[in-house]
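*Asks:* Below are the sequence and a predicted model; questions follow.
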Amino acid sequence: MWKCPKCGKTFKNTNQSHYCGEKPKTIKEYIISQDKDKQADLFLMRQILRQALPGAEERISWSMPTYWKNHSILHFAAAKKHIGFYPGPEAVMEFKEDLKKYSVDKGTIRIPYGNIDIDLVKKIAQWCLNTGNHA
Ligand SMILES: [Zn+2]
């Protein structure tokens, strides 16, 4: 176990990245609480999703940046080596072919940093919006 000297939280891994102090309340706060070298990609994700989901509200839900319109449309989150993009299992099935270049799991797409396919993320987000998909 490792205990963060700043906030006193304990983790399995030494120097685990986490929120030191208050939890972020907005997507912007979430992004700036991540490592500096990840922020450009996370801001890019946010920009793509804002454009693809007009009228959706940005919120933090399950500790993840979330786009919301009557229900949660999708989430994303910063992981150590990738961005977790969570559009739900139906969306992952629907775009199975396009997603061959990424590691995917039921409802989860792992996008390595520096490797965001802007058109694909946009296409998936719009599909989620248009079909009323729930993440
Ligand atoms: Zn801490």
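*Replies:* Nice, I can see it. These numbers come from a predicted model, not from an experiment.

*Asks:* When you work out contacts or count neighbours from here on, use the C-alpha atoms and nothing else.
*Replies:* Noted.

*Asks:* How far does the longest helix along the chain sit from its chain's centre?
*Replies:* Counting residues, the longest helix found in the chain (DSSP state H) is helix 36-52. Counting by Cα atoms, centre = their mean, to the nearest Å, helix 36-52 is centred 9 Å from the centre of its parent chain.

*Asks:* Can you give me the buried ones in it?
*Replies:* K38, Q39, D41, L42, M45, R46, I48, L49, R50, A52 (16 or more other Cα atoms under 10 Å).

*Asks:* pretty sure the third one is touching Y113, no?
*Replies:* Yes: if you go by Cα atoms under 8 Å, D41 and Y113 touch, sitting 6.5 Å apart.

*Asks:* which residues does the residue nearest in space to the middle of the chain contact?
*Replies:* For the chain, the residue sitting closest to the mean C-alpha position, by Cα atoms, centre = their mean, is F76 at 1.3 Å. By Cα atoms under 8 Å, 6 or more residues apart in numbering, the contact set of F76 is M64, P65, T66, I83, G84, F85, Y86.

*Asks:* of all those residues, which comes closest to the ion?
*Replies:* M64 (17.9 Å; Cα to the ion).

*Asks:* Can you show me the CA trace of the longest strand seen in the chain as PDB?
*Replies:* In terms of residue count, the longest strand belonging to the chain (DSSP state E) is strand 71-78. The C-alpha coordinates for strand 71-78 follow below in PDB (Å, rounded to 0.1, in the frame of the first residue of the first chain):
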ATOM      1  CA  HIS A  71     -29.900  10.300 -19.600                       C
ATOM      2  CA  SER A  72     -26.200   9.800 -19.800                       C
ATOM      3  CA  ILE A  73     -25.200   9.500 -23.500                       C
ATOM      4  CA  LEU A  74     -21.500   8.500 -22.900                       C
ATOM      5  CA  HIS A  75     -18.500   8.900 -20.700                       C
ATOM      6  CA  PHE A  76     -14.800   9.200 -21.000                       C
ATOM      7  CA  ALA A  77     -12.000   8.900 -18.500                       C
ATOM      8  CA  ALA A  78      -8.200   9.300 -18.300                       C
END
